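[1] my questions concern the predicted model and sequence given below.
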Amino acid sequence: MDVLNPMTYDAEEDQLRDRTKYSQMDKHIIPVEFQQQPVSTGTTIVAVEYDGGVIIGADTRTSAGTFVMNRFTDKLTPLTDQIFCLRSGSAADTQAIAQVVTYQLDFLSAEMNEPPLVRIAANCVRRMIYQYRDDFLAGMIVAGWDKKLGGQVYSCPLGGLLVRQPVTLGGSGSTYIWGYLDNNYRPNMTKDECYDFVLKGITLAITRDGSSGGCARIAIINKDGVERIDVLGNDLPKVFDL
Amino acid sequence: MSSIGSGYDLSASQFSPDGRVFQVEYANKAVEASGTIVALRCKDGVAFAVEKIVTSRLYESGSNKRVHNVDQHIGMAVAGLLADARQLLTVARDEAKQYKHDYGVSIPVKYLADRLAMYMHAYTLYGFVRPFGCFILLAAYESDGPQLYGVEPSGVTYNYFGIAVGKAQQTAKTEIEKLKLSELKLEDGIKEAAKIIYQVHDEVKDRMFELELSWVGKVNDGKHERVPTKVFEDAEKFAKASLEEADDDDDEM
């Protein structure tokens, strides 16, 4: 790879990357046509702050092109006991980022003798995405609770931006529910209102986005810890489906 | 007052038979020879008062300050060898900069004190370097209140309510213990600190000195800075007035 100008397209490098995407074993499990497609968490991810914590949710589909690799994925990945990240984009990239940041935060919390701030976690994620912006395809949301500022949601999209927002969406499915958010989100909603908002949003996105599907996984994070709720396919709220 | 090392004091990599590292103790002597610092952790902030001894009339006033800023929110006051302190200041600023770069938030003063202590301690382990001859005081006003940390040449750090370091540390400590720090407001604390400096200052041995006052607290939103001119003048007046009162008392006796 040309180190001096990293933006140059290197055909050899690209082909090598394609060839090494799957191990020999996988070739027998995954149908041939799908082996050239990168594995992505197509995804819908939602996060919203409420008074006392945050509520985060995601769909459960991992796809390789049109093949559904995993129909019950867990895209809500813990970085610390009370800070989670929501992953969208390349499955491998986001898993790698989450792994590295978990290590960094673990080390930091041992040095500081207290749980890390959500902002620090978000910064670590953002710095990795920014540093490798030409290589990674990762759009992540970091959300959690800490003693200093309570519940916080930080958006860390593709290029390496960091911004705190009271509510945010991510992933390919999010495009279909921005209108729903604009119409239905109000500041200072109660915990139950936020839960309904998140669940409905994911359901609507699953209905319209081919890369999102399966069930909805939701987590409520506050000072008392994390409560995880999995809403299975047939329990999702009913929406008008032509 | 000098204890003889008798051969076990040649380098920091040696222990004495009774378990002391003499080089570190000698570093403390360098600290004890410097002008006094009084630091008070009041109810809503931390005050630094430093007796900066001036050895010649030819020096420009305000040169060789002993109170500095590490980040916007942390103040550092130094006692001992100023050149050593300058290096530690650079190290502290680097740590603060790196923390902000890595984690996006300002460095907590406790963490900075630990890092600085680790650095100073490293210089007490080897024979080819000498320990730092300075005592570093770090002050900040954070979300859980005012914090005052001190780092000794040995690399030990403590969290203080109040501390005096330097020539007159014993006398100043007695004065500090008379104050009720948990109820003292910062505006009053700065005056008390200035008063103690004037009280313990030795007119005979060190004729000229400059007083340096700085504070960090609720009053300036957690940004460490030298006190405003008005506050400085009030504090000096208060200090000098109390000196005269003490003189008057002496006369009556």
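    Arrived safely, thanks for sending. Numbering: from 1, shown residues only, chains lettered A, B, ... in the order given.

[2] residues of chain A that sit close to chain B?
    A:108, A:111-112, A:117, A:119-120, A:122-124, A:126-127, A:148, A:162 (C-beta under 8 Å from any C-beta of the partner chain). To be clear about C-beta, it is placed using only N, CA and C from the backbone, and glycine gets the same treatment.

[3] what stretches of chain A score poorly on pLDDT?
    A:1-41, A:242 (pLDDT under 70).

[4] in it, which spans are helices?
    With DSSP state H as the criterion, chain A has helices at A:11-19, A:26-29, A:91-112, A:118-131, A:178-184, A:191-208.

[5] taking the centroid of chain A, which residue is nearest it?
    residue A:87 (1.9 Å; C-alpha atoms, centre = their mean).

[6] give the contact list for it.
    A:41, A:43, A:45, A:58, A:75, A:77, A:94, A:95, A:98, A:138, A:140 (C-beta atoms under 8 Å, 6 or more residues apart in numbering or on different chains).

[7] that one and residue A:62, how far apart?
    10 Å (C-beta to C-beta, to the nearest Å).

[8] cool, and residue B:135?
    For residue B:135 relative to residue A:62 (C-beta to C-beta), the value is 58 Å.

[9] returning to that earlier point: can you give me the distance of the residue nearest to the centre of chain A to residue A:238?
    For residue A:87, the distance to residue A:238 (C-beta to C-beta) stands at 28 Å.

[10] next: residue A:166.
    Noted for residue A:166: a distance of 28 Å to residue A:238, by C-beta to C-beta.

[11] report how many residues lie close to residue B:61.
    Number of residues near residue B:61 (other C-beta atoms under 10 Å in any protein chain shown) recorded here: 9.

[12] same deal with residue A:114?
    If we define neighbours as other C-beta under 10 Å, then residue A:114 has 12 of them.

[13] contact residues of chain B facing chain A?
    Residues of chain B lying close to chain A by C-beta under 8 Å from any C-beta are B:102, B:103, B:104, B:105, B:108, B:110, B:111, B:114, B:143.

[14] list the backbone torsions phi and psi for residue A:82.
    phi -130, psi 20 (degrees, to the nearest 10).

[15] go ahead and confirm it touches residue A:224.
    No - Residue A:82 is beyond contact range of residue A:224, at 9.5 Å (criterion: C-beta atoms under 8 Å).

[16] who's in contact with residue 175?
    Just going to use chain A. Residues near residue A:175 by C-beta under 8 Å, 6+ apart: residue A:209.

[17] not what I meant, chain B
    Counting by C-beta under 8 Å, 6+ apart, residue B:175 makes contact with B:164, B:196, B:199, B:200.

[18] quick one: pLDDT of it?
    On pLDDT, residue B:175 comes in at 94.

[19] so how far is residue B:193 from it?
    Remark: distance between residue B:175 and residue B:193 (C-beta to C-beta) = 10 Å.

[20] if we can go back for a sec, the more surrounded of residue A:82 and residue A:224?
    With neighbours defined as other C-beta under 10 Å, residue A:82 and residue A:224 compare such that residue A:82 has more, 24 against 11.

[21] ok, that one to residue A:209 distance?
    Applying C-beta to C-beta, the value for residue A:82 to residue A:209 is 30 Å.

[22] and what of residue A:55?
    From residue A:55 to residue A:209 the distance is 21 Å (C-beta to C-beta).
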